[in-house]
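Asker: Curious how this folds, go ahead:
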Amino acid sequence: MLIYINGPDTFLAKAAIDQIKDKYIAKNPTGTELVEIDGGNPSTGLRINWADLRAIPLFATSRLVIVRGLAELSASSQESLASFLTHLPETTVAVIYQAAPLKADHPLTSALAQANKVITATPLVGSALKTWLKKQAIAQQLSLDEAALEELIGAHGSNLWALSSELATRANAGQVTVTSTQKEVEAAPFALFNYVRSGNWTAAKLQLRREARLGKPAELIFGLLAAAIRKELRAGEAKKDITDLLIDLDFGLKTGLLDGDSALALLVSHLPKPARTRVQWEATWRETF
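Answerer: Below is the predicted model:
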């Protein structure tokens, strides 16, 4: 299965890729068969053996291959990728992101034209941009009136990275209600502890993602949740399950088997009840969209 993401808005492209990764990791928790290749990073983009990726995955029900930076790949790598994409095994889902349009004679143009799913990452404007802002604000537990929307768009235009950062800054400052008059409500200290105590796992997940967006290391975020679990969670089985999950993720981080983003995606996917069985991800991939 081939998914093609194209367009210059890197925020939307990353969001689409992260959504696919989250869904995949939720169904294949080890993440062993998740392969990410960046043409701009020599450590991942120049030493890949595309033929190896045609093999049946050994440690999951499917393999997810994500490729960025096509222009930075060598000509031979681009041709090998094109061949790989036109002969994808049924057990492989390939996600290709390309910001600029490809020329008609590019070796990948024909292969990408056969994509099963195409996601367009073009800058948002007008009502689409306002709708996106409102959804982001709700996720941050903020409320924006029309004047506040106009103020943010006037300051940052369609720059979703800047808009997202501004919303996160306001949420972190405790602006539970954001209007044009900038009314603020002080955030309760140790919010994650309160969410764990009350069993509000939806809010806890949002808080974990907020901490990550603010640039805190995964190890620090896990430590904060572990402290909240030790102090506030009294349900024996749930406490044991989440503690076991945190131990496994910490091991993955320290050994290099998991990066911070993947570890956090696993953590959020399995709260409050860690998954005990593997589900065949490729059979339900459309849930991603």
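
Asker: Now for Leu124: which residues touch it?
Answerer: Neighbouring residues of Leu124 by C-beta atoms under 8 Å, 6 or more residues apart in numbering: Asp9, Leu12, Trp132, Ser158, Leu160. Every C-beta, even on glycine, is put in place using the N, C-alpha and C of the backbone.

Asker: From Leu214, how far off is Ser165?
Answerer: Ser165 sits at a distance of 9 Å from Leu214 (criterion: C-beta to C-beta, to the nearest Å).

Asker: which among the contacts of Leu124 gets closest to Gln140?
Answerer: In terms of C-beta to C-beta, no member of those lies closer to Gln140 than Trp132, at 12.7 Å.

Asker: what helix or strand is the nearest residue to that closest one once chain neighbours are set aside on?
Answerer: Excluding its sequence neighbours, the residue lying closest to Trp132 (C-beta to C-beta, 6 or more residues apart in numbering) is Leu124, at 5.4 Å. If you go by DSSP states H and E, Leu124 is not part of any helix or strand.

Asker: I figured Leu214 hits Leu167, correct?
Answerer: No: using C-beta atoms under 8 Å, Leu214 makes no contact with Leu167, being 11.5 Å away.

Asker: So the two - more neighbours on which side?
Answerer: Applying other C-beta atoms under 10 Å to Leu214 and Leu167 shows that Leu167 carries more neighbours, namely 22 against 13.

Asker: so who does the closest residue to that one other than its chain neighbours touch?
Answerer: Nearest-residue entry for Leu167: Gln140, 5.1 Å, with adjacent residues in sequence omitted and distances by C-beta to C-beta, 6+ apart. Shown in contact with Gln140 (C-beta under 8 Å, 6+ apart): Leu167, Ala168, Arg170, Ala171, Leu206, Arg210.

Asker: ok, which pair from these is furthest apart?
Answerer: Maximum distance among the contacts of Gln140 (C-beta to C-beta): 14.4 Å, for Arg170 and Leu206.

Asker: The closest residue to Ile221 other than its chain neighbours and Ala265, how far apart?
Answerer: Spatially, and ignoring its direct neighbours in sequence, Ile221 is nearest to Glu211 (4.9 Å; C-beta to C-beta, 6+ apart). To Ala265, Glu211 is 14 Å away according to C-beta to C-beta.
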